[in-house]
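Chemist: Model the structure of this input:
(2 chains)
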Amino acid sequence: MAPFIRLTALTKRFDEVVAVDNLSLDIEKGELFCLLGASGCGKSTLLRMLAGFEQPSAGRIEIDGQNMAGVAPADRPVNIMFQNYALFPHMSVAGNIGYGLRRAGMRGAALGERIDALLKLVRLSGYGGRKPHQLSGGQRQRVALARALARQPKLLLLDEPLAALDKKLREDTQFELVDIQEKLDTTFMVVTHDQEEAMTLAGRIGIMDQGQLVQVDTPRTLYESPKNVFVADFLGMISFVEGRVTKCTKTGLVIDSQPPITAALDQQRGLASQLQAGDKITLAIRPEKINLSATAKGAVNEIPIVVEDLAYLGVASNYRVKTAQGQMFKLQQQQNRRADKPPEWGDAGFIQFDPADVIVLS
Amino acid sequence: MTGRISLPVMCLGILGFGILYVPMAVMIVFSFNAGKLVSVWSGFSAKWYASLLTNEQLLNAFGLSLFIAFWAATIATFFGMLIAIAFVRFGDFRGRLALSGLSSAPLVMPEVVTGLSLLLLFIGMESVLGWPAGRGVDTIIIAHATFGMCFAAVVIQARLRDFDQAIEEAAYDLGARQPFVFFSVTLPVILPAVIAAWLLAFTLSFDDLVIASFVSGPGSSTLPILVFSKVRLGVTPEINALASVMISIVTVSVIMAAYVMRRRLGKTG
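Modeler: Reported below is the predicted structural model:
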């Protein structure tokens, strides 16, 4: 069976600029997929093509087996929740939610019942008579969601759904969005530049750069096993070490950086056969996987350092440390005890990390 | 807006508004003067208002001006809106610069020039096409609509530029098509500007003397033409009363427009 939503070799050119470049993607029914990328990566163009506001230069979009070429926005089984909600300012909440339903020919009691059900879904019962300007940001966002869900779209596009909310409200709202998505089993596609938003909402994330999908995976895989430097750098903090392979076995490799670093290949067995001594590669290590201590313990991957910079965050502290050879590492240390006396600026010490935690990038 | 307004600023404000409004206040007061002299107070009376109601010539001119202003404003707003939509929505179309020049030139053109050229146009049209037959109400409406249109275009354009196009896209997305999208979403959102444009065109037409005197014909004297010709024979308290009525009409309509806009726009954000 073909997947619910299938994009095949989708391309969009604006004069000389290629906004979306030969992009293919399958999305399953009921999935909460997130398209993550910096501004200008082509994600908005992709969204507009799915909604029907832009026509692809090449390639096809299929939704539930139906080719979308030449189908007007009004006729697509797709609805959008716009970034700034784009509520109709002159209509009441009920008028906004009912707009699409009226277009579908719904009238009278059936219309009223459906609007009430949608208001209940987004916890705004009794707000039907209000105007958008009488609502708070979070309430407006929920009206926009109800309006977009009213026509029971096969695909709901959410353009930066949380961007306009303040930090506290975002946390509540993102869980609520996931709840509603699970309850309705509608396919959601969130488009955002905010990695936290993507990580908390999505089942799968597609990282987009220069019109192409760089990697499509679960949030955990993207974070723990990024495919390349771009993905590793894009999601969260990370330190890179470059060097040539000096020794490579089935289970691990060593590179000639100063000092040498050992990486396990347990999770990336496939790589072992491709690599040989002398190959230039990049290793990466996440900050929370690095331990910082004042004294050496003689373990693998133990490197003497000096603290260059530190930022106290309460829960943890972020450090930038430097080896004698000038290699920088970013690391994060938890503050587990109130009495902890963590290293300060200029202090010397040792960092150490497990070879299994080292990410091997090609 | 915190802190006090300093004394010099206050004085300047009082002076400025004084120059604007004291003459009007004096005029309104003297419209209730019992005597026949315009500047000598001789007791309170509303008789000039009563005589206004029986002065058929004035009433006719008043009615005619309202009629002309209504239709001129309506036509001007319609075409002004089309110009505004062309500018804001159709991007860099061919002839944009020309249209922009053509639609803003009448804003700065001396009225005498506009009036004279329209008069020549109407005479030419009459001899070639046989229409309009002579000058009258229709020619004044056309003339007023022409320059009112330019003002309307400016007012509506400003609002349309602020218009979030995502709102229209939301309408398409929810299953609507043109022209339904325009009438259900675009027009209601820009309605305050459309009303403001209409009121502006209406007042411009209502108080225009110069252009109207070029393109009017016998039997189509608008109120300003009539007032002007009467004033040349001397100001009567009746004219004061008439002017007071006009001031109250304008005041009421401006307050109404402000109220409508405030309600419509709500609090933005």
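
Chemist: can you give me the helices for the chain?
Modeler: Because you didn't say which chain, this covers chain A. A:43-51, A:93-103, A:108-121, A:137-149, A:167-184, A:195-201, A:219-224, A:229-234, A:269-274 (DSSP state H).

Chemist: Chain B was what I was after
Modeler: Using DSSP H, helices in chain B cover B:7-30, B:47-54, B:56-89, B:96-108, B:111-129, B:137-162, B:165-173, B:180-181, B:187-206, B:210-215, B:223-231, B:237-265.

Chemist: For residue A:140, find the nearest of these.
Modeler: helix B:165-173 (12.8 Å; CB to CB). Glycine gets a C-beta too; all of them are placed from N, C-alpha and C.

Chemist: for that closest one, what is the average pLDDT?
Modeler: Taken as a whole, helix B:165-173 has an average pLDDT of 92.

Chemist: How about residues contacting it?
Modeler: Applying CB atoms under 8 Å, 6 or more residues apart in numbering or on different chains, the contact partners of helix B:165-173 are A:51-53, A:72-74, A:78-80, A:82-84, A:86-89, A:99, A:147-148, B:180-181, B:184-186, B:189.

Chemist: hmm, which of the residues you listed are the buried ones?
Modeler: Among the contacts of helix B:165-173, the ones that count as buried by 16 or more other CB atoms under 10 Å in any protein chain shown are A:51-52, A:73-74, A:78-80, A:82-83, A:86-89, A:99, A:147-148, B:181, B:184-186, B:189.

Chemist: Of the helices of chain B, which is nearest residue A:304?
Modeler: Among the helices of chain B, helix B:165-173 sits nearest to residue A:304 (CB to CB), with 55.8 Å.

Chemist: then the closest one to CSV, C-alphas only?
Modeler: The C-alpha trace of helix B:165-173 is given here as CSV (Å, rounded to 0.1, in the frame of the first residue of the first chain):
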residue,chain,number,x,y,z
GLN,B,165,-2.7,38.4,3.1
ALA,B,166,-2.7,35.2,5.1
ILE,B,167,-6.3,36.0,6.0
GLU,B,168,-7.3,35.7,2.4
GLU,B,169,-5.2,32.5,2.0
ALA,B,170,-7.0,31.1,5.1
ALA,B,171,-10.3,31.7,3.3
TYR,B,172,-9.1,29.9,0.2
ASP,B,173,-7.8,27.2,2.4
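
Chemist: relative to helix B:187-206, how tilted is that helix?
Modeler: 120 degrees (axes from the mean of the first three to the mean of the last three CA atoms, to 10 degrees).

Chemist: So for helix B:165-173, what gets flagged as buried?
Modeler: B:166-173.

Chemist: same check, this time on stretch A:16-33
Modeler: Buried, per 16+ other CB under 10 Å, within stretch A:16-33: A:18-21, A:23, A:25, A:27, A:31-33.

Chemist: Now the two most distant members of the residues you listed.
Modeler: Pairwise over the buried residues of stretch A:16-33, using CB to CB, the maximum falls at A:18 and A:32, 28.1 Å.

Chemist: pLDDT below threshold where in the stretch 101-250 of chain B?
Modeler: Within the stretch 101-250 of chain B, no range satisfies pLDDT under 70.

Chemist: List just the nearest of the buried residues of stretch A:16-33 to chain B.
Modeler: Closest to chain B out of those is residue A:19 (17.6 Å), distances taken as CB to the nearest CB.

Chemist: what residues does the stretch 101-250 of chain A put near chain B?
Modeler: A:103-104, A:131-134, A:147-148, A:150-151 (CB under 8 Å from any CB of the partner chain).

Chemist: Now with 6 Å, please.
Modeler: A:103, A:133 (CB under 6 Å from any CB of the partner chain).

Chemist: among the contacts of helix B:165-173, which are in strands?
Modeler: The members of the contacts of helix B:165-173 that map onto strands under DSSP state E are A:78-80.

Chemist: can you pull the contacts of residue 136?
Modeler: Assuming you mean chain A. If a contact means CB atoms under 6 Å, 6 or more residues apart in numbering or on different chains, then residue A:136 has no contacts.

Chemist: was after chain B, sorry
Modeler: For residue B:136, counting by CB under 6 Å, 6+ apart, the contacting residues are B:217, B:220.

Chemist: Okay, it and residue A:235: tell me how far apart.
Modeler: Separation of residue B:136 from residue A:235 (CB to CB, to the nearest Å) stands at 76 Å.

Chemist: same thing with residue A:229?
Modeler: Taking CB to CB, one finds residue A:229 at 12 Å from residue A:235.

Chemist: neighbour-wise, which of these two wins?
Modeler: When residue A:229 and residue A:235 are compared on other CB atoms under 10 Å in any protein chain shown, the one with more neighbours turns out to be residue A:235, at 21 against 15.

Chemist: ok so, going back, restrict the ones in strands among the contacts of helix B:165-173 to those near chain B?
Modeler: Restricting the ones in strands among the contacts of helix B:165-173 to those near chain B by CB under 6 Å from any CB leaves A:79-80.

Chemist: Out of the ones in strands among the contacts of helix B:165-173, the closest to residue B:197 would be?
Modeler: Using CB to CB as the measure, the one of those that approaches residue B:197 most closely is residue A:80, at 31.8 Å.

Chemist: Enumerate the residues of the stretch 151-269 of chain B near chain A.
Modeler: B:166-167, B:170, B:172-177, B:185, B:188, B:266-267.

Chemist: residues making contact with stretch A:353-362?
Modeler: Taking CB under 6 Å, 6+ apart as the rule, stretch A:353-362 contacts A:228-229, A:262-264, A:268, A:271, A:282-285, A:289-290, A:300-301.

Chemist: Over to stretch A:309-324?
Modeler: With CB under 6 Å, 6+ apart, stretch A:309-324 has contacts from A:303, A:305-308, A:328-334, A:342.

Chemist: before we move on, back to that, can you put the ones in strands among the contacts of helix B:165-173 in JSON lines and add pLDDT?
Modeler: Formatted as JSON lines, those follow (pLDDT from 0 to 100):
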{"residue": "A:78", "pLDDT": "92"}
{"residue": "A:79", "pLDDT": "93"}
{"residue": "A:80", "pLDDT": "93"}
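
Chemist: ok, now which ones touch residue B:151?
Modeler: Contacts for residue B:151 (CB under 6 Å, 6+ apart) come out as residue B:200.

Chemist: now swap in residue A:96 and tell me
Modeler: Here residue A:96 is in contact with A:87-88, A:143, A:147 (criterion: CB under 6 Å, 6+ apart).

Chemist: Tell me which two in the residues you listed are the farthest apart.
Modeler: A:88 and A:143 (10.1 Å).

Chemist: Over to the residue of the stretch 151-300 of chain A found nearest chain B: give its phi and psi.
Modeler: Distance from chain B to each residue of the stretch 151-300 of chain A (CB to the nearest CB) is smallest for residue A:151, at 6.7 Å. Per-residue torsions, residue A:151: phi -90, psi 10 (degrees, to the nearest 10).

Chemist: Tell me the pLDDT of the residue lying closest to it once chain neighbours are set aside.
Modeler: Spatial nearest neighbour of residue A:151, chain neighbours left out: residue A:100 (4.6 Å); criterion: CB to CB, 6 or more residues apart in numbering or on different chains. On the pLDDT scale, residue A:100 is placed at 92.

Chemist: So what's the residue count around residue A:100?
Modeler: Neighbours of residue A:100 (other CB under 10 Å): 24.

Chemist: repeat for residue A:262
Modeler: For residue A:262, the neighbour count with other CB under 10 Å is 16.

Chemist: Looks like it contacts residue A:302 (just checking).
Modeler: No: the criterion here is CB atoms under 6 Å, and residue A:262 misses it with residue A:302 at 10.5 Å.

Chemist: State the distance from residue A:355 to chain B.
Modeler: Using CB to the nearest CB, to the nearest Å, we find residue A:355 at a distance of 51 Å from chain B.
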